[in-house]
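Enquirer: Turn this into a model:
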Amino acid sequence: MSETRSQTTPPARRRSDGLIVGACLAFVVGMVGMAYAAVPLYDMFCRVTGYNGTVKRVEQASETILDRTIRVTFDANVSGLPWKFQPVTREITPRIGETVQVSFKAKNMSAAPSTGQAVFNVTPMQAGAYFNKVQCFCFTETTLQPGEELEMPVVFFVDPAIVEQAETKGIGLITLSYTFYAREPSKPVAALKASAPEAGKL
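Expert: Below is the predicted model:
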């Protein structure tokens, strides 16, 4: 009699197990959704605040150039893309406040088109608020055809105010790092209009 009871799962327990499984599945789905949303949301926050070494976008070059120089190195990475991505120049030593241009190269090494979007940051993190870009390929969707290679410029300067703060005035080396992440290409506007139902029709 006791053996029969132990081999039979009560209905209440089955319902409880079902709820646990359902909750776990919902959690997994939610985490996957957050993973896709996290990058653009985090990037938006960082661009506004300069948090975590994220550089700021400016519309014009610095008007002040110091005699002091600073060493800037460049790093390039890919995530989920069959691309070769690297800086054209690994290191430069501009004067603080001087507007300079460097380039990065990306090449699609696969036999199919692929699309990526780059995010970036600066180390040490304290320097992020003083590393100003005038032109950048970051946050722009980039599609490369099979074997296609693209050279992408970056124009930036280091704000002279970096030497005025106690926590940043001793910084002599800054690293600008980019990572290209795989993403689904956006539909062109014409395709979106074509897929929409015609006005007046149900």
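Enquirer: wait, doesn't residue 157 sit right on residue 97?
Expert: Yes. Look at residue 157 against residue 97 with CB atoms under 8 Å: they come within range, at 6.0 Å. For the C-beta atoms, the positions are set from N, CA and C on the backbone; glycine is no exception.
Enquirer: I figured residue 77 hits residue 120, correct?
Expert: No. Taking CB under 8 Å as the definition, residue 77 is not a contact partner of residue 120, at 10.3 Å.
Enquirer: more neighbours, the two?
Expert: Between residue 77 and residue 120, counted using other CB atoms under 10 Å, residue 120 has the larger neighbour count: 24 against 13.
Enquirer: Give me the contact list for whatever helix or strand that one lives in.
Expert: Taking DSSP states H and E as the definition, one finds residue 120 inside strand 114-123. If you take CB atoms under 8 Å, 6 or more residues apart in numbering as the criterion, strand 114-123 is touched by 39, 43, 46, 52-55, 78, 81-83, 106, 108, 128, 131, 136-144, 174-185.
Enquirer: If burial is judged by neighbour count, which of those pass?
Expert: 43, 46, 53-55, 78, 81, 83, 106, 108, 128, 131, 136-138, 142, 144, 174-180, 183 (16 or more other CB atoms under 10 Å).
Enquirer: State the number of residues packed around the residue nearest to residue 88 when sequence neighbours are not counted.
Expert: The spatially closest residue to residue 88, leaving aside those adjacent along the chain, is residue 103, at 4.3 Å (CB to CB, 6 or more residues apart in numbering). Each residue near residue 103 was counted by other CB under 10 Å, and the total is 13.
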